[in-house]
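# below are the sequence and a predicted model; questions follow.
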Amino acid sequence: MKKSAAKIDKTWALNLKIRTYKPQIFRNLAGSEELFYNLAPNKTLGLWGKMKICIGLCGVLAIALIGCSPAKEDNSSEPSTDSEVIFKSQTLIMVTDALPEQCSAGGKVYSIYSDANENRTMDSNESPASVQVVCNGTNGVDGKNGADGKKGEPGIDGYSTEFNLARVTVDSNICPAQTGVQLSSGLDLDRSGRLEPSEMKATEILCDGADGALGQAGPAGADGHGIVFQVAPASESACAAGGSIILMATDISNRGSYSSVDPNQQSVTLCNGIAGAAAPPSAYTPVDAIRPCGNTVSYKEILLRLSNGEVLAAVSDNANGLNTRLSFIPDGTYINTDGSNCVFSLATNSERTLRSISWQGQTQQSWALTP
C-alpha cells in the first residue's frame, strides 16, 4: 500500500476516480443468467454518484482498510497521488432471485464480491463482502367498489332478421336432383315483418336428396268392411204416390245385414210416379240387382239398376270402405271392395240408347235407356 493511501478520510470520495456501475448480464458456470454491476475504471463521477458507490461499497472498503493505520499528515514537497486509487481486481455485484424462505412474495439477492481472476463468476474462493436481500411487498387490501355510474341513454332499436324460403330448380352442377329450397336472410330494414328482395344479404340453396330405394312391401292389410242395404217404404209425406227409402251403412260387425247402429249411415228416397193410365213409371224405380263377377263371396256388393237406366252403388274412395256414399255411378271402370277384387266397367253407346256392364273381358248385361 502506498504511503499516500493513508490520507484517505471522510472526503476521499469527492475526488476519487473509481470504477462506476455498468450493468451487464453474463452466464455463470451452471448455465443460469446472472446480473453483474461492473465497476468500470477511469470514469469521474459526480458528487451524488460517488456517494452512492461509497455507501454501496462501504463493506468492501472497510475490509480493504483493515490493518492500515492512519499516518500523520506529510507536508513534504513529495507529489501527492491521493486523487486516484486503482484496484487490481474488479468489484462486481451479482443479482439472483431470492429463495422462498427468504422472500415469500419473491425478491432479489444482491451480493458484492471482488472478482480476483476477473472471470465474472463468484468462485468458491471469492466470498461476498456484502449480501443484501430485497423482498417484494405483498399486495394490499382491495379498495371498496366505487359508486355506480349514471344510467346511459337508451340505444337505438336494432333490426330483426327475416328469412325467406322458396322452391327452386337449378342446374345439376349445383344440385344433382336439380331441385331444392333457396334460403335467403337479411335485416328487416323497413320493419315490415317480411324480407324484401333488396334486404336479402345471404342466400343458400339446400338441395333435395336423391330418391331412396324402394322399401320392402308391407304386410297385408286387414280385410275391409262391406256395405249393407235395407229398402223401406217411403212415408206419404216424402212420396205422395208411394216409394222406397234405401238405407245404407258400413257393416262394421260383418253381420251381412243392415243395422241402424252401423257407422256411415246414408239413405236415398225413391218415389213412385203419379198413378194414371198415361203416367210413365218412376225414373228411379229399382228394376234389377247386378252382382259384378257373380255371387262369389259372402256379403257380395251389388249394383241397383233403375228404370231410367242409371246404376246406383255404394262408392268409396279407398279400399277400406271409408268415405263411402250412395251414388249414381257414371261410365268407367271400378273394383269391388268386398274382397273379390272384381273389376267391372259401365259403358253407353254413342247414340245414348243402350247401356251395358262388362267384366272378365265380356259384356254381361245390357239395357235400354229411356229418353
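Noted; the coordinates are in hand.
# now Ser358. Its backbone dihedrals?
The phi/psi pair for Ser358 (degrees, to the nearest 10) reads phi -130, psi 150.
# and for the one 4 residues further on?
Listed backbone geometry of Gln362 is phi -130, psi 150, with angles given as degrees, to the nearest 10.
# and it, what are its bridge partners?
Trp359 (DSSP bridges).
# next one: it from Ser235, what distance?
Note on Gln362: its distance to Ser235, by CB to CB, to the nearest Å, is 42 Å. Every residue, glycine included, has its C-beta placed from N, CA and C.
# between the two, which has more neighbouring residues?
A direct count of neighbours by other CB atoms under 10 Å for Gln362 and Ser235 places Ser235 higher, at 11 against 6.
# right, and Leu304 touches Arg291 too?
No. Counting by CB atoms under 8 Å, Leu304 sits too far from Arg291 to count as a contact (11.0 Å).
# neighbour count: those two, which is higher?
Shown here are Leu304 and Arg291; by other CB under 10 Å, Leu304 has more neighbours (22 against 17).
# so the residue nearest to that one when sequence neighbours are not counted: helix, strand or coil?
Nearest non-adjacent residue to Leu304, counting by CB to CB, 6 or more residues apart in numbering: Leu312, 4.2 Å away. Of the three states, Leu312 takes strand according to DSSP: H, G, I helix; E, B strand; the rest coil.
# tell me what Leu312 is bridged to.
Bridge pairing for Leu312 (DSSP bridges) gives the partners Leu304, Phe328.
# pretty sure it is touching Ile302, no?
No. Using CB under 8 Å, Leu312 makes no contact with Ile302, being 9.7 Å away.
# so which bits of stretch 99-110 are buried?
Buried positions in stretch 99-110, judged by neighbour count with 16 or more other CB atoms under 10 Å: Cys103, Gly107, Lys108, Val109, Tyr110.
# with secondary structure as added columns, please give those in CSV.
Formatted as CSV, these follow (three-state DSSP):
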residue, secondary structure
Cys103, coil
Gly107, strand
Lys108, strand
Val109, strand
Tyr110, strand
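# where does pLDDT dip in the stretch 201-350 of the chain?
Within the stretch 201-350 of the chain, the stretches with pLDDT under 70 are 275-281, 317-323.
# in contact with Asn125, which residues?
Ala116 (CB atoms under 8 Å, 6 or more residues apart in numbering).
# please, where are all the strands along the stretch 251-371 of the chain?
266-271, 286-290, 303-306, 311-315, 325-328, 332-335, 343-348, 354-359, 362-368 (DSSP state E, counting those that start in this stretch).
# can these go into a markdown table with extra columns for distance to Leu247?
Below are the strands of the stretch 251-371 of the chain laid out as a markdown table (distance: least, CB to CB, whole Å):
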| stretch | distance to Leu247 |
| --- | --- |
| strand 266-271 | 5 |
| strand 286-290 | 13 |
| strand 303-306 | 13 |
| strand 311-315 | 11 |
| strand 325-328 | 9 |
| strand 332-335 | 22 |
| strand 343-348 | 24 |
| strand 354-359 | 24 |
| strand 362-368 | 25 |
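# of all those, which one is nearest Gly193?
Shortest distance between Gly193 and those, using CB to CB, is found for strand 325-328: 44.4 Å.
# what touches both of Leu304 and Arg291?
With CB under 8 Å, 6+ apart as the test, Leu304 and Arg291 reach no residue in common.
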